[in-house]
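> attaching a predicted model along with its sequence, questions to come.
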Amino acid sequence: MEINRGCDTLNLPSLIRADRDFDDIQELIQYLECERGDDQINSNLHIVATLSMFQNIDQFVESLRNFHFSIDERAGKLLLLSKESQGKRIYIYTFFDDRNNVPLFITDAKKTNEIPDILFTYINRTKEISNLWIAPKVMKEIKDNLVREYPDMIITYFSAKRSPNTDIHSEFRPHVERGIQYRGNDGKHTLEEMEFYYGVLPKILEVQLPNGIAFRIDNKGIITLRHGHFAGIFKIIEEVISRLENVREAIGESGYSISKVGSRRQFSNAIQIPWSIDVPVEMHYDDVSRFCKAIRSEEWNFTVLEQVLLPGSMFFSARLIDEHTGSLLDISTTGKKIDVYPVEKIDIGTSMRFFEFVVENIDHMATVG
């Protein structure tokens, strides 16, 4: 929304005040652009897009109620949610886009503690929903597309990293794993220089466009709108969703079931149908210890169990526990492909986070098989 300094600020619950239903995301965007474009929200708006395995809005609503969200208002597929956090009532709008089963959340809650406490806890503990992870190579493409469209855009802050196995060109010391944070109005040129000389890819960007839009975007799919209109933000979200839908589809085609076998059906046999990740930069025997160390880190927070690594070969298998959710994954690889087996119920959040781990730490060109 474009900020008009002469108008009153409004709290999030009054953002939508039309006596109407919203059943299409474009209707909501048009309303926010045209009918509320002169209003001012009293703080930054955070737009959190997700991917889900929900088949319809009723399943989504049931999951919200199971997590003790209060549904204060409903206008078609647009819901106003609230929940208590640290003695304060937090409000979140959510829209369920049934074109692609994407729940979209809009809130002015504090990103440092209220969003993690309420929204991310819900996402992490609900097996049918996942963050919209933005891989570094996709973040670079978003940045490059914006630069082509807006040559005079400004990047005021970026965080970038170089993974050890990447094949991205680096003029200096390409074997070094590195992370960089930078703040300054010349961030666009500095990032281009860092990309060329040090082979890094962006994870977080703070951008100001000539049309008045200012926003921050990070690799967890949180876009903070600081100034300007919604439409350009939703365009970026749809671009990222289109890139991840094939990953969601592959995860959805995996499966886990138990069959009873034996003459008296006294034995249980687990049947696991995997999904796969193709790794163009082949893993080698020496990469496994680094893989295990990285996936245990606080950023990814998996525990590695039942590890099998055959000496002199590149056969590696393990069971992973997602410390956020308690969900399990079995993985196996011979170097060029990683097979991922669900254990018990499929958890799209755990699966998406493992895929993003592989992209960020093993091979930025990894794709679903």
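Cool, the structure landed.

> which one's the longest helix in the protein?
In the chain, assigned by DSSP state H, the helix with the most residues is helix 231-252.

> can you pull the contacts of Gly179?
Shown in contact with Gly179 (CB atoms under 8 Å, 6 or more residues apart in numbering): 159-162, 200. Just so you know, the C-beta spots here come from the backbone N, C-alpha and C atoms, and that holds for glycine as well.

> what's the next secondary structure element after the longest helix of the chain?
strand 255-261 (DSSP states H and E).

> and the strands in the stretch 101-250 of the chain?
102-107, 129-131, 154-162, 178-183, 201-208, 214-218, 222-227 (DSSP state E, counting those that start in this stretch).

> which of those strands sits closest to Ser276?
Of all those, it is strand 129-131 that lies closest to Ser276, at 18.2 Å by CB to CB.

> check the offset of that closest one from the chain's centre.
How far strand 129-131 lies from its chain's middle: 7 Å, per CA atoms, centre = their mean, to the nearest Å.

> which residues touch it?
Residues outside strand 129-131 that contact it (CB under 8 Å, 6+ apart): 48, 50-54, 63, 103, 120, 122-123, 220-221, 248, 348-349, 351-353.

> please redo it, this time with the cut-off set to 7 Å
Strand 129-131 is contacted from outside by 50-52, 103, 123, 220-221, 348-349, 352, using CB atoms under 7 Å, 6 or more residues apart in numbering.

> turn those into JSON lines, including pLDDT.
Converted to JSON lines, the contacts of strand 129-131 look like this (pLDDT from 0 to 100):
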{"residue": "Thr50", "pLDDT": "95"}
{"residue": "Leu51", "pLDDT": "95"}
{"residue": "Ser52", "pLDDT": "96"}
{"residue": "Pro103", "pLDDT": "96"}
{"residue": "Ile123", "pLDDT": "94"}
{"residue": "Lys220", "pLDDT": "90"}
{"residue": "Gly221", "pLDDT": "91"}
{"residue": "Ile348", "pLDDT": "95"}
{"residue": "Gly349", "pLDDT": "94"}
{"residue": "Met352", "pLDDT": "95"}
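
> how is the chain divided into domains?
9-131, 136-218, 253-368 (automatic domain parsing).

> so which of these gets nearest Phe230?
Comparison of the domains of the chain against Phe230 by CB to CB identifies domain 9-131 as nearest, at 4.8 Å.

> how far is the closest one from where the chain is centred?
That offset, for domain 9-131, works out to 16 Å (CA atoms, centre = their mean).

> give me every residue that touches Arg173.
By CB under 7 Å, 6+ apart, the contact set of Arg173 is empty.

> and it, how far from Met139?
From Arg173 over to Met139 the distance is 23 Å, taken as CB to CB, to the nearest Å.

> just Ile338 next, same as before
Computed as CB to CB, the Ile338 to Met139 distance reads 23 Å.

> centre of the chain to the longest helix of the chain, how far?
Using CA atoms, centre = their mean, the offset of helix 231-252 from its chain centre is 10 Å.

> over to stretch 192-199?
The chain centre lies 25 Å from the centre of stretch 192-199; the measure is CA atoms, centre = their mean.
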